[in-house]
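**Student:** Predicted model and sequence below, questions to follow.
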Amino acid sequence: MGWKPGFVELSLLEFEMRNVEMVLAAADQGRRIDKLKPLVHSLDALRELLYDAQDVMDELDYYRLQQQIEKEKENREGETAHGTMLPPEVKLGISNRINGIVNNLQRTGNSVRGILLPYISHLALPSTQRQSETRNTRLTTSVPHELKVFGRDADRDRILKILLDDGSSDLRVLPIVGIGGIGKTTLTKFVYRDQRVVDYFDLRIWVCVSTYFNKVAITLEILEHICKDKQEYKDVSNFNVLQEILMKNIREKISARVG
């Protein structure tokens, strides 16, 4: 259970993730970038690679948390806790994924970094601040790893009670706060996919909002979840129009389920 990827390969992954964050932030600040189709495709590829990188980091966080919980159990009970050892093929698979993602991030990132260099130079930050922001802007998905969640049943049930309480109709935001790496995202994933939540809510949408807040991009991500006809919003960039399209689709989804 004490296994972790090599320091060098993990450092390379974090370094490339920071670089990609800078590139994507520069792209958001750029002008008329959407007219450069090859560049747009490369930026989309970078975002997908960053999703993959964040998934690996989430998985490593899970293993670290599981090891911590089992160590606490060992200290509490005064006997060796028999944690599940990772099979060699799993260890090798994670290492290969990290190396593959790093190589792809380097190749794709280098192809667009030169074009966006004028914008990137304006985003230069001290190394420690870049590291902090990178960890705070990790992209996530709602798909949980096929693993158990240890010691979080009480937390999950408390969240479900708040979400499913009939008196919580005015609830707009439910913050889950804690230091990095304690499993906030993992807990949120399992609440999101809990069958009681699936049955209770007419519509569920998972969207990752990074530090570089872009309301147009977020609206488009939500539309990708609920709008089957991408032609309806594909060429729309006006925020108000996108919001109107979003509200129309939400109303249609809810009406169809109620009907």
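**Tutor:** Structure's in. What do you need?
**Student:** mind listing the helices for the stretch 51-200 of the chain?
**Tutor:** Counting by DSSP state H, counting those that start in this stretch, the stretch 51-200 of the chain has helices at residues 88-120, 127-136, 153-164, 184-192, 195-200.
**Student:** Give the buried residues for the shortest one.
**Tutor:** For helix 195-200, a neighbour-count test (16 or more other C-beta atoms under 10 Å) marks Val197 as buried. Backbone N, C-alpha and C define where each C-beta goes, glycine included.
**Student:** now the third one
**Tutor:** Across helix 153-164, burial judged by 16+ other C-beta under 10 Å covers Asp155, Ile159, Leu163.
**Student:** Dump the helices of the stretch 51-200 of the chain to JSON lines, plus mean pLDDT and distance to Ala45.
**Tutor:** Listed next are the helices of the stretch 51-200 of the chain as JSON lines, based on pLDDT from 0 to 100; distance: least, C-beta to C-beta, whole Å:
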{"stretch": "helix 88-120", "mean pLDDT": "77", "distance to Ala45": "5"}
{"stretch": "helix 127-136", "mean pLDDT": "42", "distance to Ala45": "19"}
{"stretch": "helix 153-164", "mean pLDDT": "85", "distance to Ala45": "35"}
{"stretch": "helix 184-192", "mean pLDDT": "83", "distance to Ala45": "23"}
{"stretch": "helix 195-200", "mean pLDDT": "90", "distance to Ala45": "32"}
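**Student:** nearest to Leu223, of those?
**Tutor:** helix 184-192 (19.0 Å; C-beta to C-beta).
**Student:** Now name the helix or strand holding Thr219.
**Tutor:** If you go by DSSP states H and E, Thr219 is part of helix 215-226.
**Student:** Likewise for Cys208?
**Tutor:** Counting by DSSP H and E, Cys208 is part of no helix or strand.
**Student:** Backbone dihedrals for it, please?
**Tutor:** phi -90, psi 120 (degrees, to the nearest 10).
**Student:** Now name the helix or strand holding the residue nearest to Thr219 when sequence neighbours are not counted.
**Tutor:** Excluding the flanking residues, the one nearest Thr219 by C-beta to C-beta, 6 or more residues apart in numbering is Leu242, at 4.5 Å. Assigned by DSSP H and E, Leu242 belongs to helix 239-258.
**Student:** Other residues contacting that helix?
**Tutor:** Helix 239-258 is contacted by residues 202-203, 215-216, 219-220, 222-223, 226-227, 232-233, 236 when judged by C-beta atoms under 8 Å, 6 or more residues apart in numbering.
**Student:** Nearest to Val102, out of these: which one, please.
**Tutor:** Nearest member of the contacts of helix 239-258 to Val102, counting by C-beta to C-beta, is Leu220, at 28.3 Å.
**Student:** mind listing what the closest one touches?
**Tutor:** Tyr233, Leu242.
**Student:** Distance of Lys91 relative to Glu21?
**Tutor:** 27 Å (C-beta to C-beta, to the nearest Å).
**Student:** got it, and His41?
**Tutor:** The gap separating His41 from Glu21 is 19 Å, by C-beta to C-beta.
**Student:** and the two? which has more neighbours close in?
**Tutor:** Glu21 (22 against 12; other C-beta atoms under 10 Å).
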